[in-house]
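Enquirer: sequence first, predicted coordinates after that:
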Amino acid sequence: MDTKSGHANAVPMSPLISVVTVSLNAATTIEDTLASVYMQRLGFPIEHICVDGGSTDPTRSIIDRWAACSAQIRRVYEPDRGIFDAMNKGLLAAAGEYVLFLNADDFLVGPGVLASATEGLVPGAPDNPDLILGDAVMGRLGCRGVWRRRRVPRSLQRLRGIGLFPVHQGMLTQRRLLQGAGGFNARQQLAADTNLYYDLERRIRLNMRFTRADIAFMRAGGSANAGLTAMWRGTAEVYRHLSRSHGPLRSTGMVLVKTLQSLAELRYGKCPHDRWFAPALPRNYERENRKSA
């Protein structure tokens, strides 16, 4: 339901993928997100659910402009209690078999990533994987320096329950699993996505498909990665969550593995990927984006 207009945007068939983007004052970056989803080359329908909790900058007008020319975009404009509450709103609105959460400062790295990730799948088939897992890159576009290759551990399915985890910007998850788990814990501020994966892993022997390719680019500086203090708070949130079901000793070990995985992601050099969709964006947006980069 397009809660701005009160009418559902027409989507010809049930979408295979629901991309959910939550935003709050993201006018400098969200057009990249919207363009990268809109320009996917696909043989199946998708939807892009944009959840905005009350932006006071032009974020909503940018979404509205793209929605005017794309039946894929569905808007949920209402207050929320933080990022994970907003993600739950997007999950509630989703109709796709798979859900991908793509933040308002992230973008898909190429026009064929969603088609490649789902190649050969038959919508609704009982043997479709629970998770489709790709990699992500996090850094600053066009800059040399430290960046992160957020690669899914290749032993993730074999070594269950030790603390390895995928990043949500590269993870397409069966909607039924997310809804069956009750969505994200909106009381958590930084690590509800990681904790939800750990909960699913503990309850279900997940069937995974690995793409072995990058799906998303993440701009550095998100709430969970905005310095050592935020990272420490997120780690503490994971420990508190795990300790309720795994006990203090095992939880400590899982947090240590998670931390080592994050440290192993560090790279130095020029961060890969670029804004491949840039020619489709308005010139004034291009100028503003260069200023803020």
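Expert: Arrived safely.

Enquirer: gap between the residue lying farthest from the centre of the chain and residue 194?
Expert: Distance from the C-alpha centroid of the chain, by CA atoms, centre = their mean, peaks at residue 249 (30.3 Å). Separation of residue 249 from residue 194 (CB to CB, to the nearest Å) stands at 20 Å. Every residue, glycine included, has its C-beta placed from N, CA and C.

Enquirer: mind checking how far the residue farthest from the centre of the chain is from residue 195?
Expert: 18 Å.

Enquirer: same question for residue 247.
Expert: Distance, residue 247 to residue 195, by CB to CB: 16 Å.

Enquirer: how about residue 81?
Expert: 17 Å.

Enquirer: give me the more crowded residue out of those two.
Expert: residue 195 (21 against 11; other CB atoms under 10 Å).

Enquirer: which residue packs closest to that one, ignoring adjacent ones?
Expert: residue 241 (4.4 Å; CB to CB, 6 or more residues apart in numbering).

Enquirer: and that neighbour, that's in a helix?
Expert: Yes: assessed with DSSP: H, G, I helix; E, B strand; the rest coil, residue 241 lies in a helix.

Enquirer: sec struct for the residue farthest from the centre of the chain, please.
Expert: Residue 249 is classified as helix under three-state DSSP.

Enquirer: tell me the confidence at it?
Expert: pLDDT for residue 249: 97.

Enquirer: from residue 256, how far out is it?
Expert: For residue 249, the distance to residue 256 equals 11 Å [CB to CB].

Enquirer: before we move on, what about residue 201?
Expert: 17 Å.

Enquirer: looking at these two, which one has more neighbours?
Expert: Shown here are residue 201 and residue 256; by other CB under 10 Å, residue 201 has more neighbours (18 against 13).

Enquirer: what strand or helix carries residue 145?
Expert: Per DSSP states H and E: residue 145 is located in strand 144-150.

Enquirer: can you give the contact residues for that strand?
Expert: 135-140, 167, 169-170, 218, 220, 262, 265-271 (CB atoms under 8 Å, 6 or more residues apart in numbering).

Enquirer: same question for stretch 219-236, mean pLDDT?
Expert: Rounded mean pLDDT across stretch 219-236 is 75.

Enquirer: ok, stretch 97-114 next?
Expert: Stretch 97-114 comes out at a mean pLDDT of 98.

Enquirer: what about dumping the CA coordinates of the strand holding residue 145 to CSV?
Expert: Extracted C-alpha coordinates of strand 144-150, given in CSV (Å, rounded to 0.1, in the frame of the first residue of the first chain):
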residue,chain,number,x,y,z
ARG,A,144,42.5,5.4,-1.5
GLY,A,145,42.6,4.3,2.1
VAL,A,146,41.2,1.7,4.4
TRP,A,147,38.1,-0.1,3.1
ARG,A,148,36.3,-3.3,3.9
ARG,A,149,35.7,-6.4,1.7
ARG,A,150,32.6,-7.7,3.5
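
Enquirer: the helix or strand following it packs against which elements?
Expert: Next helix or strand after strand 144-150 toward the C-terminus (DSSP H and E): strand 171-174. Here strand 171-174 touches strand 98-101, strand 131-139, going by 3 or more CB pairs under 8 Å, 6 or more residues apart in numbering; DSSP states H and E.

Enquirer: any chance of those strands in TSV, plus mean neighbour count?
Expert: Putting those into TSV (neighbours: other CB atoms under 10 Å) gives the following:
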stretch	mean neighbour count
strand 98-101	27
strand 131-139	23
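
Enquirer: any chance of the ones you listed in JSON lines with distance to residue 40 as columns?
Expert: As requested, those are exported to JSON lines (distance: least, CB to CB, whole Å):
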{"stretch": "strand 98-101", "distance to residue 40": "11"}
{"stretch": "strand 131-139", "distance to residue 40": "14"}
